[in-house]
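>>> sequence plus predicted model, see below.
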Amino acid sequence: MRQKLTNAALIIVGCVLYAFAFNLFFDPFRISPGGVSGLSMILSYFTGLSVGTGIILMNIPLVIMAYMRLGKIFILSTAVATALSSVLIDLTAWVSPPVDDLLLASLCGGVLIGVGLGLVFRGGATTGGSDIASKLLLSVRPHLRMGKIVLGIDGFIIGLTAFVFRDFSLAVYAFIALYIAAKILDSVLYGLDFATVTYIISEQHQEIGAAIQTRLGRGVTYLEAEGGYKGGSKRVVLCAIKRGQLTALRGVVGDLDPHAFLIVTEGHQIFGDGFLSGEE
């Protein structure tokens with residue numbers, strides 16, 4: 001029960017922020033937030049259908065797929081969030097933008113809408129449209145981050161809208177807002193404690209592993225691997241570090257083996273000694 005109340009509170013607060021972001025920074029400056037509404041504008045341009053009809057038609061298959069893959073609770077939560085955000089957008093239409101500059105509007109709007117969407121997602125819902133598509137894609141590609149998925153889908157829609165309507169100047173500001181929103185969205189969903197995960201392939205794996213532990217104070221794990229080109233067994237050094245330690249780690253690896261193969265990826269919500277605790 002407590003979790004349900006928490007999710008409901010997250011959805012409500014997220015929808016409020018979403019509505020204010022739309023009315024304060026997007027709508028007054030005609031900055032497109034992308035999504036199904038952008039596609040509906042294109043569909044209306046070519047077919048004469050109303051934008052509202054287009055939104056409904058495109059949401060139908062998304063809702064069906066989401067129901068089949070994500071379940072009834074998700075659909076009900078999304079329906080509530082979609083209706084609530086729509087009502088709040090109408091109720092807050094009277095507010096006046098606090099800025100008169102397109103760049104400031106895109107920056108502030110990106111932050112606000114990113115926090116709003118992040119809270120709605122954390123509450124187990126979406127605001128409908130392309131957000132449902134993002135959630136569906138995340139369900140089959142869980143290694144991706146939601147911010148990148150939203151950035152890819154809505155970025156494509158904004159670019160397509162700009163191409164159709166030949167309005168490239170506003171599209172630039174829309175891309176700025178979308179990029180910031182995607183970064184803030186990931187921060188809300190995954191937290192700010194980002195880390196870096198590295199894979200080091202080297203003949204000097206033992207020396208490199210020991211140096212990382214003594215000079216950087218980070219633990220390592222040795223993975224067994226087999227070379228695909230020449231064959232033969234190899235050892236891979238797996239290590240999770242803080243972002244600020246990447247330069248030092250590259251120095252350690254470079255000193256011991258300049259020809260080592262180093263793979264660097266982003267890590268989120270790493271639990272364990274030196275990172276997040278299991279209770280967070």
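Here it is on my side, so go on. Residues are numbered from 1 along each chain as shown.

>>> can you give me the helices in the stretch 1-150 of the chain?
Assigned by DSSP state H, counting those that start in this stretch, the stretch 1-150 of the chain shows helices spanning 2-21, 35-47, 51-70, 72-91, 102-122, 130-140, 146-165.

>>> pLDDT weak spots in this protein?
37, 50-52, 55, 143, 191-194, 268-280 (pLDDT under 70).

>>> just the helices of the stretch 1-150 of the chain: most buried one?
Mean neighbour count (mean count of other C-beta atoms under 10 Å) peaks for helix 102-122 among the helices of the stretch 1-150 of the chain, with a mean of 23. In short, each C-beta sits where N, CA and C put it, glycine included.

>>> I'd like to know which elements it is packed against.
helix 2-21, helix 130-140, helix 168-190 (3 or more C-beta pairs under 8 Å, 6 or more residues apart in numbering; DSSP states H and E).

>>> after the longest one, which helix or strand is next?
Just to be clear, that refers to helix 168-190. Where DSSP states H and E defines the elements, the next helix or strand beyond helix 168-190 is strand 195-201.

>>> got a list of contacts for whatever helix or strand comes next after that following strand?
Taking DSSP H and E as the definition, the helix or strand that follows strand 195-201 towards the C-terminus is helix 205-211. The contact list for helix 205-211, computed with C-beta atoms under 8 Å, 6 or more residues apart in numbering, reads 200, 202, 220, 222, 235-237, 239, 252-253, 255-257, 260.

>>> mind listing what residue 168 touches?
residue 162.

>>> residue 174 versus that one, what's the distance?
10 Å (C-beta to C-beta, to the nearest Å).

>>> list residues touching both of the two?
With C-beta under 8 Å, 6+ apart, residue 168 and residue 174 have common neighbours residue 162.

>>> and the helices of the stretch 1-150 of the chain as CSV, adding distance to residue 180?
Shown next, in CSV, are the helices of the stretch 1-150 of the chain (distance: least, C-beta to C-beta, whole Å):
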stretch, distance to residue 180
helix 2-21, 11
helix 35-47, 16
helix 51-70, 25
helix 72-91, 19
helix 102-122, 3
helix 130-140, 17
helix 146-165, 10
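
>>> nearest to residue 187, of those?
helix 102-122 (7.3 Å; C-beta to C-beta).

>>> which ones are touching the residue nearest to residue 176 when sequence neighbours are not counted?
Counting by C-beta to C-beta, 6 or more residues apart in numbering, the nearest residue to residue 176 once its immediate chain neighbours are dropped is residue 106, at 4.5 Å. For residue 106, the contact set (C-beta under 8 Å, 6+ apart) comprises 25, 29, 31, 173-174, 176-177, 180.

>>> cutoff 10 Å now
By C-beta atoms under 10 Å, 6 or more residues apart in numbering, the contact list for residue 106 reads 25-26, 29, 31, 99, 170, 172-181.
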